[in-house]
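Asks: here is my input; please provide its structure:
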Amino acid sequence: MFDTTTAVDLARFQFAFTISAHIIFPAFTIGLASYLAVLEGLWLWTRDQRYMTVFEYWKIIFAVAFGMGVVSGVVMSYQFGTNWSVFSDKTGPILGPLMGYEVLSAFFLEAGFLGVMLFGLRRVGRKLHFFATVMVAVGTLLSAFWILSANSWMQTPAGFAVNAVGQYVPADWWAVIFNPSFPYRFVHMVLAAYLTTAFVVGGVGAWHLLRDPQDRPARLMFSMAMWMALIVAPLQVVAGDLHGLNTLEHQPAKIAAMEGHWDPRQQGAPLILFGLPDDAAEETRYRVEIPKLGSLILTHEWDGEVQGLKAWPRQERPRSAIVFWSFRIMVALGFAMVGIGLWSLLMRLRRRLYDAAWLHRCAVAMGPAGFGAVLAGWITTEVGRQPWTVYGLLSTAQSASPLEVPAVGTSLVAFILVYFAVFGSGTFYLLRLMGRSPQARLEEDLGPLRAAGITPAPAIEARRHHPAP
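Replies: Numbers count the residues shown, from 1 in each chain. You can find the predicted model right below:
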């Protein structure tokens, strides 16, 4: 293995593996933190115990996922120092402060209020507890803001100068933070996080509805998740299109790889639905395409000109096959989410949302879809940026530390073994938590109230005898 692979290849694979294991946790907790804030707000407004039951159900899952995300994220900074020391040195004056701002604002906000959210309801009162939950949600969004700003600067660098020792230093912090691709990528990622959470919550709710269609907290989970899918999935399609147009302007080689186009200049380019890109032969084989639709989507003109990968030297092209298929996986999952949202609306209008067994089965199957879409989109973004770490300025080969293959290979094997043991166990525990019955939790919550002679919220008792459609 080590005889045919370079240290840079292994370092890239190690970073890809660890960041893929990491990103699924923030993608889940960003959306879940906002969901918890909405649930507690609705509980305070309506006094409907179902909202607090669902809040308590997902609060523990959030805590476990948040902890796993923090632990897996620490490894990122470790690798910057070991495998990518040249990159760290040259970009440190810009990326270092951005990562520091993330810790000082977002992480401190999350960590400071997380304990209150998890354990403080009976100690600080309802309003202050709700404030803590909102602050945790704001902290997760701030974290996404700073991380996406740093990564977007690597995609579309702006507002920098080069000092005497070859480092990139900030010349205009506003231009650095709000670089050309940042607004599109930030919106795209936040919507992806909300969809990831919606389909996990919807899948769990659907699983319990298949076991007990009268499970009231599961009904609440499923209904709220399907509203989110119905609203946010089409917005994500629009945001993705705008992000694609921005990428065409600033990273046209990435778009050429995503679309599977090779001709240097092509008017009225087709939309290639499927095919097998061949980097060696410089063509996409066995193409299934729609004439001129590619130009219409990318340039909004039937005969718009689209560049292909042959417009760039071979050493400046991304790997087309990987980008081509990861992009299609992301898009396919996105449209499947739109379809689930529309299907749920149809069932809701027919008053069959909670007994549509096939919808529930599909929702369970789509539970991990958000994670798949996030990973596919991240692969598209990062592999499509190659061969650069800072697009057009610093190549991946120039960014690596002067390490030998066995050193990187040994750490890679260690990471794989530890990650599968630790995060595999954590994921198994999360699935066990999701397998608990929400209805049983609700009965536990209502039991002490009835024993004390306190009448639960009318909405609860009404749904107990007359389940909503």
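
Asks: avg pLDDT for stretch 136-156?
Replies: On average, the pLDDT along stretch 136-156 is 92.

Asks: got it, and stretch 393-409?
Replies: pLDDT averaged over stretch 393-409 gives 86.

Asks: measure it end to end?
Replies: 28 Å (CA to CA, to the nearest Å).

Asks: any residues touching it, and which ones?
Replies: Under the contact criterion CB atoms under 8 Å, 6 or more residues apart in numbering, stretch 393-409 has outside partners 1-2, 5-8, 10-12, 14, 82-87, 90-91, 157, 168, 386-389. Where you see a C-beta, it was placed from the backbone N, CA and C, and this is true even at glycine.

Asks: mind running it again at 7 Å?
Replies: 2, 5-8, 10-12, 14, 82-87, 90, 157, 386-389 (CB atoms under 7 Å, 6 or more residues apart in numbering).

Asks: what subset of those residues is buried?
Replies: Neighbour counting over the contacts of stretch 393-409 (16 or more other CB atoms under 10 Å) leaves 7-8, 10-12, 14, 83-87, 90, 157, 386, 388-389 as the buried ones.

Asks: filter the contacts of stretch 393-409 down to the ones in strands?
Replies: Per DSSP state E, strands hold the following members of these: 388, 389.

Asks: of all the buried ones among the contacts of stretch 393-409, which two lie farthest apart?
Replies: Greatest spatial distance among the buried ones among the contacts of stretch 393-409 (CB to CB): 10 and 157, at 26.3 Å.

Asks: returning to what we had before: tell me which of the contacts of stretch 393-409 fall in helices.
Replies: 7, 8, 10, 11, 12, 14, 82, 85, 86, 87, 90 (DSSP state H).

Asks: distance to residue 135 and pLDDT for those - can I get that in TSV?
Replies: TSV is the format used below for these (distance: CB to CB, whole Å; pLDDT from 0 to 100):
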residue	distance to residue 135	pLDDT
7	43	83
8	42	86
10	41	87
11	37	85
12	37	88
14	35	86
82	34	84
85	36	86
86	38	89
87	34	90
90	36	91
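
Asks: wait, which of those residues is closest to residue 212?
Replies: residue 14 (44.8 Å).

Asks: which residues touch the closest one?
Replies: Contacts of residue 14 by CB under 7 Å, 6+ apart are 79, 83, 408, 411, 412, 415.

Asks: returning to what we had before: now for the ones in helices among the contacts of stretch 393-409, which pair is the farthest apart?
Replies: 10 and 90 (21.2 Å).

Asks: run a quick neighbour tally on residue 322.
Replies: Other residues near residue 322 come to 18 when the count uses other CB atoms under 10 Å.

Asks: how close does it sit to residue 386?
Replies: Here residue 322 is placed at a distance of 9 Å from residue 386 (CB to CB, to the nearest Å).

Asks: run through the strands of this structure in chain order.
Replies: 160-162, 168-170, 265-267, 271-278, 283-290, 305-307, 388-390, 394-395.

Asks: can you get me a residue count around residue 77?
Replies: For residue 77, using other CB under 10 Å, the count is 10.

Asks: what sits against residue 191?
Replies: Residue 191 sits in contact with 232, 235, 236, 239, where contact means CB under 7 Å, 6+ apart.

Asks: same check on residue 22?
Replies: Contact partners of residue 22, counting by CB under 7 Å, 6+ apart, are 69, 72, 73, 76.

Asks: just send these back as a markdown table, with distance to residue 36, pLDDT and neighbour count too.
Replies: Converted to a markdown table, the contacts of residue 22 look like this (distance: CB to CB, whole Å; pLDDT from 0 to 100; neighbours: other CB atoms under 10 Å):
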| residue | distance to residue 36 | pLDDT | neighbour count |
| --- | --- | --- | --- |
| 69 | 15 | 85 | 21 |
| 72 | 21 | 81 | 22 |
| 73 | 20 | 79 | 18 |
| 76 | 26 | 77 | 14 |
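
Asks: which one of the residues you listed is nearest residue 124?
Replies: Looking at the contacts of residue 22 and their distance to residue 124, the nearest is residue 69, at 25.1 Å (CB to CB).

Asks: where does the prediction get shaky in the protein?
Replies: 1-5, 441-469 (pLDDT under 70).

Asks: go again using 50 as the cut-off
Replies: The chain contains residues with pLDDT under 50 at 1-3, 449-469.

Asks: circling back to that earlier point, from the contacts of residue 14, which land in helices?
Replies: 79, 408, 411, 412, 415.

Asks: reformat the residues you listed as TSV; add distance to residue 211.
Replies: Below are the ones in helices among the contacts of residue 14 laid out as TSV (distance: CB to CB, whole Å):
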residue	distance to residue 211
79	43
408	47
411	44
412	42
415	38
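
Asks: and the residues you listed, which are buried?
Replies: 79, 408, 411, 412, 415.

Asks: now stretch 346-359: buried residues?
Replies: Buried residues in stretch 346-359 (16+ other CB under 10 Å): 347, 348, 353, 354, 356, 359.

Asks: kindly report the same for stretch 305-320.
Replies: 306, 307, 308, 309, 310, 311, 312, 317, 318, 320.

Asks: and the contacts of that stretch?
Replies: 252-254, 256-257, 260-267, 269, 277, 279, 282, 294-295, 298-299, 383-384, 386-387.

Asks: so who does residue 256 touch?
Replies: 307, 308, 309.

Asks: helices along the stretch 151-300 of the chain, start to end?
Replies: 173-177, 182-211, 216-250, 252-259, 293-299 (DSSP state H, counting those that start in this stretch).
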